[in-house]
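# Can you look at this prediction? I've put the sequence above it.
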Amino acid sequence: MKSIVVTSGKGGVGKTTVTACLGRALAELGNRVVLMDADFGLNNLDVVLGLEGKVVYDIADVIENRCRVRQALVETRTRNLFLLPSSHGYLGDKVTSQNLRLVLNGLAVTFDYALVDCPAGIEAGFTRAVGACDGALVVTTPHISALRDANKVIALLLSYGKRPTLIVNRVRGDLLATAKIPSKDEIERILKIEVDGMIPETDGVYGFGNIPSKPFDLLARRIHLGAGEPLDLAADYRGLFGAIRRKFGKGGK
Ligand SMILES: Nc1ncnc2c1ncn2[C@@H]1O[C@H](COP(=O)(O)OP(=O)(O)OP(=O)(O)O)[C@@H](O)[C@H]1O
Ligand SMILES: [Mg+2]
């Protein structure tokens with residue numbers, strides 16, 4: 001099993017959304033995938049997946065031996081995609097990297113991928129989740145404050161020997177086509193690592209149901225098969241028809 005922590009530095013850039021959408025895409029490629037919510041206290045992966053009513057046991061029950069890890073898993077609507085819910089707060093700082101590692105070890109026989117949704121920031125919650133996982137994925141948006149935080153997080157991850165996968169979320173194709181936000185190449189120059197996924201800004205996101213699946217399919221293939229390029233989100237906004245779309249259409253794709 002490959003365990004990947006989903007992190008960002010800056011809060012609210014889409015870690016939980018990306019965890020859910022990428023998990024679904026990896027499962028649709030035929031992998032068995034578990035999503036672990038390691039954002040204790042502010043956990044909401046269950047809500048994004050629409051599973052909050054189905055949670056019986058959580059990761060605290062597993063760590064404190066009140067149940068086996070299998071009993072805490074919640075089945076999602078996607079085949080081969082499961083959630084390991086977070087504790088409801090009180091366990092917080094008592095959890096260590098080693099605790100999480102033990103839980104991940106318990107999942108390793110059943111799953112091909114574990115995606116671990118990490119809290120914002122670079123404090124205790126970040127270090128314990130990063131320490132427990134083999135790989136890392138950094139989510140940013142194309143905005144200066146998010147890019148600055150991504151830069152810090154990437155440097156930290158590299159210092160731990162983890163070269164992260166990089167996702168740029170909430171990209172507006174019209175702004176990309178008119179160079180009002182940095183392009184993929186510019187972001188690669190700023191952050192000095194390759195961009196592996198570009199996800200469009202999408203209207204009316206509630207949970208993860210209406211985010212387009214194509215960019216995540218491409219990302220999942222890139223992660224699982226090591227092949228493929230991110231979507232060109234500016235393509236629809238170039239040329240004559242693109243100019244009309246920019247003027248009258250919406251920024252999201
Ligand atoms: N591509 C997108 N297009 C539009 N809205 C998005 C997109 N991705 C995420 N969002 C919205 O942005 C908000 C923050 O997303 P999310 O909760 O996934 O971020 P987060 O990084 O996990 O936040 P936190 O740091 O608080 O854990 C949510 O309302 C979500 O629906
Ligand atoms: Mg989150």
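Structure received. Values in this document were obtained by computation on a predicted structure and should not be read as measured data. Ligands and ions are numbered 1, 2, ... in the order given.
# Following the host helix or strand of residue 185 in sequence, what is the next regular element?
Per DSSP states H and E: residue 185 is located in helix 184-191. Later in the chain than helix 184-191, the nearest helix or strand by DSSP H and E is strand 197-200.
# Buried residues, the helix or strand just after that next one. List them.
Scanning forward in sequence from strand 197-200 by DSSP H and E, the next helix or strand is helix 214-225. Neighbour-count burial for helix 214-225, counted by 16 or more other Cβ atoms under 10 Å, picks out 215, 216, 217, 218, 219, 220, 222, 223, 224. From N, CA and C alone the C-beta is placed, and that goes for glycine too.
# which of those residues sit farthest apart?
Across the buried residues of helix 214-225, the longest distance by Cβ to Cβ is 14.9 Å; it joins 215 and 224.
# The residue of the stretch 51-200 of the chain found nearest ligand 2: neighbour count?
Residue nearest to ligand 2 within the stretch 51-200 of the chain (Cβ to the ion): residue 117, separated by 5.9 Å. Neighbour count for residue 117, taken as other Cβ atoms under 10 Å: 26.
# Confirm for me that it is in contact with residue 14.
No. Assessed by Cβ atoms under 8 Å, residue 117 is found out of contact with residue 14, at 10.9 Å.
# Which helix or which strand is home to residue 100?
Taking DSSP H and E as the criterion, residue 100 maps to helix 97-107.
# Could you give me the buried positions within that helix?
Across helix 97-107, burial judged by 16+ other Cβ under 10 Å covers 99, 100, 103, 104, 107.
# and what of stretch 43-56?
Under the neighbour-count criterion of 16+ other Cβ under 10 Å, stretch 43-56 has 43, 45, 46, 48, 49, 51, 55 buried.
# now, the most widely separated pair of those?
By the measure Cβ to Cβ, 48 and 55 form the most distant pair in the buried residues of stretch 43-56, at 12.9 Å.
# Okay then, goodbye and thanks.
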